[in-house]
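In: the amino acid sequence is not available; the structure is as follows:
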DNA sequence: GCATTAGTTGAACAACTGTTCAACTAATGC
DNA sequence: GCATTAGTTGAACAGTTGTTCAACTAATGC
């Protein structure tokens, strides 16, 4: 692993930093991780996810529940789909969305727990 | 709880929606939750958090480790502080940061796990 | 006191994000 | 076939966000 660019300070705990550096992952992994959490970083999307925790719903249901347009909901569902957080099935004219796995619930729960402290 | 504004569709599964609505929290709670995850939604911040998982470090250490300026790091640490994700102690000229609690590690771990699937 | 270094902070600017709007596709029923 | 409704999508625009820069505070050592 090559040296990082110079920061604007002189004294550092080089031994500590080197040790930490060994256990750091590639920068891209952190960017991917951040991209995942970015999805949870929007009020509309966490509402959708929390709603889907209780029942699968079609786009109209979600739009009605949250007081949004189908378009706005669909855009957000697309983001959730691309991050593999929701799955869907078409039934006639309706497309039913549900949570992809239980990571979603776990993450939301821990988040709520942190806020309650 | 008052009715939501009208969405742009006719047919909805009102029984399902009403049942889901009963178990939804206040909108503000979702906004707070989203604000928390927004903090995890940046590559620099998750790098800082993951680094602090291994050892407390001063601002310069982190800046050197990640190849950033003290200013950039300090701004991000402020965001992390305001969300109660990190704590700090001053020792002379240095300010040492560390994780506030183990929610941080748990959240990062589940995030990594989701990505690996 | 002064000089130096660690760290913070506000403003500014570029990059990104979420909703709206309009146009579109997909399925149903006539 | 056509009309209707569910859902998707791209462009546009306002609002937000992260880094940089410059100015600042805090602690140390002389």
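Out: Structure's in. What do you need? What you see is a predicted model, and the numbers here were worked out from it, not measured in a lab.
In: and residue A:41, how far from residue A:111?
Out: Computed with Cβ to Cβ, to the nearest Å, the distance linking residue A:41 and residue A:111 is 10 Å. Every residue, glycine included, has its C-beta placed from N, CA and C.
In: overlap in contacts of those two?
Out: residue B:37 (Cβ atoms under 8 Å, 6 or more residues apart in numbering or on different chains).
In: check whether stretch A:38-47 comes near DNA strand C.
Out: Yes: with Cβ under 7 Å from any atom of the strand as the criterion, DNA strand C is reached by stretch A:38-47 at A:38, A:41-45.
In: and the residues you listed as a markdown table, adding distance to chain B?
Out: As requested, the residues of stretch A:38-47 next to DNA strand C are arranged in a markdown table below (distance: Cβ to the nearest Cβ, whole Å):
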| residue | distance to chain B |
| --- | --- |
| A:38 | 4 |
| A:41 | 4 |
| A:42 | 5 |
| A:43 | 4 |
| A:44 | 8 |
| A:45 | 7 |
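In: can you add secondary structure, pLDDT and neighbour count and give those back as a markdown table?
Out: Putting these into a markdown table (DSSP: H, G, I helix; E, B strand; the rest coil; pLDDT from 0 to 100; neighbours: other Cβ atoms under 10 Å in any protein chain shown) gives the following:
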| residue | secondary structure | pLDDT | neighbour count |
| --- | --- | --- | --- |
| A:38 | helix | 97 | 18 |
| A:41 | coil | 97 | 20 |
| A:42 | coil | 97 | 19 |
| A:43 | helix | 96 | 18 |
| A:44 | helix | 97 | 19 |
| A:45 | helix | 98 | 22 |
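In: closest one of these to residue A:66?
Out: When the residues of stretch A:38-47 next to DNA strand C are compared for distance to residue A:66 (Cβ to Cβ), residue A:44 wins out at 6.8 Å.
In: measure the closest residue to the closest one other than its chain neighbours to residue B:106 for me?
Out: The shortest distance from residue A:44 to any non-neighbouring residue, by Cβ to Cβ, 6 or more residues apart in numbering or on different chains, is to residue A:76 (5.5 Å). Here residue A:76 is placed at a distance of 26 Å from residue B:106 (Cβ to Cβ).
In: and the residue nearest to residue A:44, which of the three is it?
Out: Three-state assignment for residue A:76 (DSSP: H, G, I helix; E, B strand; the rest coil): helix.
In: and for it, the neighbour number?
Out: For residue A:76, the neighbour count with other Cβ atoms under 10 Å in any protein chain shown is 21.
In: and what of the one 4 residues further on?
Out: Using other Cβ under 10 Å as the criterion, residue A:80 is surrounded by 22 other residues.
In: quick check: which element contains it?
Out: Using DSSP states H and E, residue A:80 sits in helix A:70-82.
In: ok, now residue A:90?
Out: strand A:86-91.
In: report the buried residues of that strand.
Out: Under the neighbour-count criterion of 16 or more other Cβ atoms under 10 Å in any protein chain shown, strand A:86-91 has residue A:86 buried.
In: name the residues that touch it?
Out: Counting by Cβ under 8 Å, 6+ apart, A:48-49, A:52, A:77, A:80-81, A:95-100 sit against strand A:86-91.
In: those: which two are farthest apart?
Out: Pairwise distances across the contacts of strand A:86-91 peak at 16.6 Å for A:49 and A:95 (criterion: Cβ to Cβ).
In: of these two, which one has the most company?
Out: For residue A:49 versus residue A:95, the count of surrounding residues by other Cβ under 10 Å is larger for residue A:49: 22 against 15.
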